[in-house]
Every structure is written in C-alpha cells, then in structure tokens.
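**Q** give the three-dimensional model of this entry:
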Amino acid sequence: MNYLKSGMITTGIAAILISSGAITETIRTDRLEASTESLRWENQPRELQEKLTKSWSRGMEAIRSTLNENREEENITEWKLFYSLEDSLNTLPHQEHSSFITAYYSNERRTMLENGDIMPALLLHPDHTKAILYWEKHDGTYAIITLESQINANNKPEWDVSHSWITKQPSST
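**A** This next block holds a predicted model:
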C-alpha cells in the first residue's frame, strides 16, 4: 500500500511540475509577443508616432542622399528598419549579440547623442553584415553611424563602427 501511495504522490508531483512548466512557457511566449514593435508603438500617442515616423523617414532620405554623394551603391530600401535594439537582436545570430551591442553603444554614439535628439532607428542589411544607426538631432541634422560585421582574429564575426558623421538637414519634399 505504501508503494501505491508513493507512486501516486510521485505521479501527482510530476503532473504538477509538467503543468507549471507549460504555464511558465505560455507566460514567456506571451511576454515575447507583447514586446513586438507593432504592439510597442500602437499604445503611444498618435502625435508621437507621427513625429517619430516622419523623423525616421527623413533620416532615410538623408542616408540615401549621403550615399549618393559618396557614390556608394547601397539600396537601403531592401534593409529592415528597427525601432529598438532588442527587436534587431532577435534577427542576429546569438554569438554576435555582444559585439553588436558594443558597436551600437559605441563612443561615436555617446559623443554624437545630445539632449533634445529624437529616438534612434536602425537599418539592418538583409545579409546581416551591415547596419546603419541614425537619429534626428535637435537642430534638424542627422547623426549616422554605420556598423559592419567583420571576421576577427579568432575567425568569428565581430561588429564594429566603420563610419560616423552628421549630415545637413534633408531637403523638404
């Protein structure tokens, strides 16, 4: 009889643990879905959404203009636009996260970012080897930082800042 009771108790405990694991996984999944960019922005005031969207669109024009002036052949319309570092990290291989974060929060970014600047956006190349971090500065110019992934001495991909500059105000259309 004791073996029967202990077997039932063990089975009961196992069932509880399995159920709690399933519930925990459901909570994790819900939390992950709630952090997507569409849900993040739809709860913001419309005026803020419009200001950021307009700023990021003008920033893309400033980037295109600068690339054309430098005769660089990049078609950024194929690049994916991200509004947060966290969302962009989900598309990169896990082993690149650390160096990407380091490049993203580079000294160039720290020196160029000032009070009154608008929230940055990030363009990521489809092959995940280049990224452009940009934002509108308080005076209407744009800070642009290009990041590139290169193979380091340990034969592993590593992100670093390749260029940084401030553009003039893009012309109004």
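**Q** residue contacts, the closest residue to residue 85 other than its chain neighbours?
**A** Among residues not flanking residue 85 along the chain, residue 104 sits closest, at 5.7 Å (C-beta to C-beta, 6 or more residues apart in numbering). Quick note: C-beta positions are derived from backbone N, CA and C, even for glycine. Residues counted as contacts of residue 104 (C-beta atoms under 8 Å, 6 or more residues apart in numbering) are 85, 122, 133, 147, 159.
**Q** and residue 104, backbone torsions?
**A** Torsion angles at residue 104 (phi, psi; degrees, to the nearest 10) stand at phi -60, psi -40.
**Q** what about the strands in this protein?
**A** 80-82, 121-124, 130-136, 142-151, 157-167 (DSSP state E).
**Q** distance to residue 91, mean neighbour count and mean pLDDT for those - can I get that in a markdown table?
**A** Output for the strands of the chain, formatted as a markdown table (distance: least, C-beta to C-beta, whole Å; neighbours: other C-beta atoms under 10 Å; pLDDT from 0 to 100):
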| stretch | distance to residue 91 | mean neighbour count | mean pLDDT |
| --- | --- | --- | --- |
| strand 80-82 | 7 | 17 | 93 |
| strand 121-124 | 7 | 22 | 95 |
| strand 130-136 | 10 | 22 | 96 |
| strand 142-151 | 13 | 20 | 95 |
| strand 157-167 | 13 | 16 | 94 |
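**Q** so which of the contacts of residue 104 comes closest to residue 66?
**A** Using C-beta to C-beta, residue 133 comes nearest to residue 66 of these, at 13.8 Å.
**Q** the closest one touches residue 159, doesn't it?
**A** No - counting by C-beta atoms under 8 Å, residue 133 sits too far from residue 159 to count as a contact (11.0 Å).
**Q** intersection of neighbour lists for these two?
**A** 104, 147.
**Q** quick revisit: compile the strands of the chain into CSV and extend it with columns for distance to residue 90.
**A** Output for those, formatted as CSV (distance: least, C-beta to C-beta, whole Å):
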stretch, distance to residue 90
strand 80-82, 9
strand 121-124, 11
strand 130-136, 14
strand 142-151, 16
strand 157-167, 16
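**Q** between those, which gets nearest to residue 95?
**A** Nearest of those (C-beta to C-beta): strand 157-167, 7.5 Å.
**Q** and the angle from the closest one to strand 130-136?
**A** With axes from the mean of the first three to the mean of the last three C-alpha atoms, to 10 degrees defining the directions, strand 157-167 sits at 30 degrees from strand 130-136.
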